[in-house]
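Asks: my questions are about this predicted structure, shown below with the sequence.
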Amino acid sequence: MLLNFSSNFNKWMRDLLHVLYPQNCLICKNEFNQSKLAICPICSSELAYTHFEDYNQATNLDRLFWGRIQLEGTYALLRFKQQNSTQQILHELKYRNNPEIGKHFGKEMGLKIKVLSQFSDADALIPVPLHPKKEFIRGYNQAEIICKGIAESSGIALRKDLLKRVSFTESQTKKGRSSRWDNMQNRFKLQGVKSTKLKHLVVVDDVATTGSTLETCVRILRQEFPKAKISITVLAVAE
């Protein structure tokens, strides 16, 4: 009888907490009754995962940088194309003041990469920086939010002190590869890293389309860390 009372009481408390603090899906914002999940089952079923962790051949993210920069490894969690669930996730992260969605998927990314041999000795996560003006307007740097999630689940240190954005750029969304590359020149610089002894840097961004921003960051880091391994991981890669 005591066991039944305890069970009923716990259920009553869960129901009360759900009324007071309803669980809303991070993507669709609809309420659902599974407090251990951040995303509802419907949205979860629509996620466009890459499954790159299961690949034993080059991915489209690997091929994006062939002949451009030398990388130890690459990883993307989701596939991005117009009108798919990933577009909605990126929109929530960048324009709808939803940093929790970035941290949620960052944690997933950390769990994936920490078992990949290419990332086994990674010792620094470097978010692609935003210009201070844009970060102030948005309220946060989405790449840094993703990094925080990755760091929490992988144990790799977050180092946001290595790269700085020194010039405010217009949106890259509708630019082609050559235009994006021109737009990125002289936009970043190293800061305060002369005594750093890092061996494997992982540059993190929200999405890779043409790869120009990531390429620029890797080239700048290579100037300071000529012998270090450098990898790239992104929340999403364009198809």
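Replies: Nice, I can see it.
Asks: roughly how far apart are residue 135 and residue 189?
Replies: 16 Å (CB to CB, to the nearest Å). In short, each C-beta sits where N, CA and C put it, glycine included.
Asks: the helix or strand containing residue 231 pairs with which strands?
Replies: Taking DSSP states H and E as the definition, residue 231 sits inside strand 229-238. Taking DSSP bridges as the criterion, strand 229-238 forms sheet pairs with strand 74-80 (parallel), strand 200-208 (parallel).
Asks: give me the contact list for the shortest one.
Replies: Contact partners of strand 74-80, identified using CB atoms under 8 Å, 6 or more residues apart in numbering, comprise 47-50, 52-53, 59, 61-62, 64-65, 86-87, 89-90, 105, 108-109, 112-113, 116, 118-119, 207-209, 231-239.
Asks: PyMOL command to pick out the buried ones of the residues you listed?
Replies: Provided next is the PyMOL selection string for whichever of the contacts of strand 74-80 are buried by 16 or more other CB atoms under 10 Å:
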select buried, resi 47+48+50+52+61+62+64+65+86+87+89+90+105+108+109+112+113+116+118+119+207+208+209+231+232+233+234+235+236+237+238
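Asks: what sits against residue 144?
Replies: 127, 158, 160.
Asks: rerun that using 6 Å as the cut-off
Replies: 127, 160 (CB atoms under 6 Å, 6 or more residues apart in numbering).
Asks: any idea how far residue 214 is from it?
Replies: 15 Å.
Asks: can you check residue 228 too?
Replies: Residue 228 is 16 Å from residue 214, by CB to CB.
Asks: which of those two has more residues huddled nearby?
Replies: Counted by other CB atoms under 10 Å, residue 228 and residue 214 do not tie: residue 214 has more neighbours, with 27 against 17.
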